[in-house]
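S.K.: Provide a 3D model corresponding to the input given below.
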Amino acid sequence: MFHGVDAPATVSTVLISKIESGCEQASSPFGTDAQLCLEKGYPSATLVALGLIALGYRVAWPVASIGPPAEQGSILLATACMWRVAKPASQALAAREAESLVQEEGQGALVLAEKPAVELFGLLCAEGRGEADYPSVSFYESTAYDSYRKKHFLDFIVPKTLADASASKSVDVAERVLVLWNALFIEE
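M.R.: A predicted model of the protein is given here:
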């Protein structure tokens, strides 16, 4: 939602918390758009510099352009927006523990510590990484997170590659498709 109406799937709303030095003259991407402008119903006649927008102001922003720059030595598989922490199914884990011949109490805490998951949207695989394996398939196959399979995939088919998991093949038309991702492999 932006200005009380549904925003296109390729747009997210963000709060400006900081503008990096040297970026003050960069333009707000939707300042001249009638629906996504800074002030509802009052689009600017010219592009609006980010340096003129007050910190803490809510603006519309293209989903495809949100994401960290790759750090030296890291391999960028994809960029995405993190929506929320995925909670493991505590009741399912407790039932599994009860059925087990070997009691393994505290599985919920162990899962959160060793295999924490987050829900991402707008996932875009990095150039040349489309055929790489989608690294979070095992989450959907685990007792802790299998309930997300039906929440995220209408056909219950978990993607096998990053291209399959991506919200789009093009940066210009990324959508809010939800997928799980290992929280240990996210760089801010």
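S.K.: which residues touch residue 3?
M.R.: 35, 36, 40 (CB atoms under 8 Å, 6 or more residues apart in numbering). Where C-beta positions appear, they are placed from N, C-alpha and C, glycine not excepted.
S.K.: ok, those residues vs residue 144, which is closest?
M.R.: residue 36 (38.1 Å; CB to CB).
S.K.: where does pLDDT dip in this structure?
M.R.: Residues of the chain meeting the criterion pLDDT under 70: 1, 7, 9, 63-76, 90, 92-114, 167-176, 187-188.
S.K.: could you rerun that using 90?
M.R.: 1-147, 149-188 (pLDDT under 90).
S.K.: off-centre distance for the helix or strand hosting residue 122?
M.R.: Element membership for residue 122 (DSSP states H and E) is strand 117-125. Distance of strand 117-125 from its chain centroid, counting by CA atoms, centre = their mean, to the nearest Å, is 4 Å.
S.K.: list the strands paired with it, with their directions.
M.R.: Strand pairing for strand 117-125, using DSSP bridges, gives strand 78-86 (antiparallel), strand 178-182 (antiparallel).
S.K.: which parts of this protein belong to which domain?
M.R.: Using automatic domain parsing, the domain parsing of the chain gives 1-64, 78-185.
S.K.: what are the buried residues along stretch 154-166?
M.R.: Within stretch 154-166, the residues that qualify as buried are 158, 159, 162, 165, 166, counting by 16 or more other CB atoms under 10 Å.
S.K.: what's the closest residue to the third one other than its chain neighbours in contact with, if anything?
M.R.: The shortest distance from residue 162 to any residue other than its chain neighbours is 3.8 Å, reached at residue 125 (CB to CB, 6 or more residues apart in numbering). Residues near residue 125 by CB under 8 Å, 6+ apart: 77, 78, 132, 162, 163, 165, 166.
S.K.: just the closest of these to residue 21, please.
M.R.: Nearest member of the contacts of residue 125 to residue 21, counting by CB to CB, is residue 78, at 27.8 Å.
S.K.: burial count for that closest one?
M.R.: By other CB atoms under 10 Å, 23 other residues sit near residue 78.
S.K.: what sits against it?
M.R.: If you count contacts by CB under 8 Å, 6+ apart, then residue 78 has 123, 124, 125, 126, 129, 162, 165, 166 around it.
S.K.: helices of the protein, start to end?
M.R.: 90-99, 107-114, 137-140, 147-152, 162-165 (DSSP state H).
S.K.: residues making contact with the last one?
M.R.: Under the criterion CB under 8 Å, 6+ apart, residues 77-78, 123, 125, 129-134, 136, 159, 169, 179 lie in contact with helix 162-165.
S.K.: including distance to residue 17, could the residues you listed go into a markdown table?
M.R.: Shown next, in a markdown table, are the contacts of helix 162-165 (distance: CB to CB, whole Å):
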| residue | distance to residue 17 |
| --- | --- |
| 77 | 26 |
| 78 | 23 |
| 123 | 23 |
| 125 | 27 |
| 129 | 29 |
| 130 | 32 |
| 131 | 36 |
| 132 | 32 |
| 133 | 34 |
| 134 | 31 |
| 136 | 28 |
| 159 | 32 |
| 169 | 31 |
| 179 | 26 |
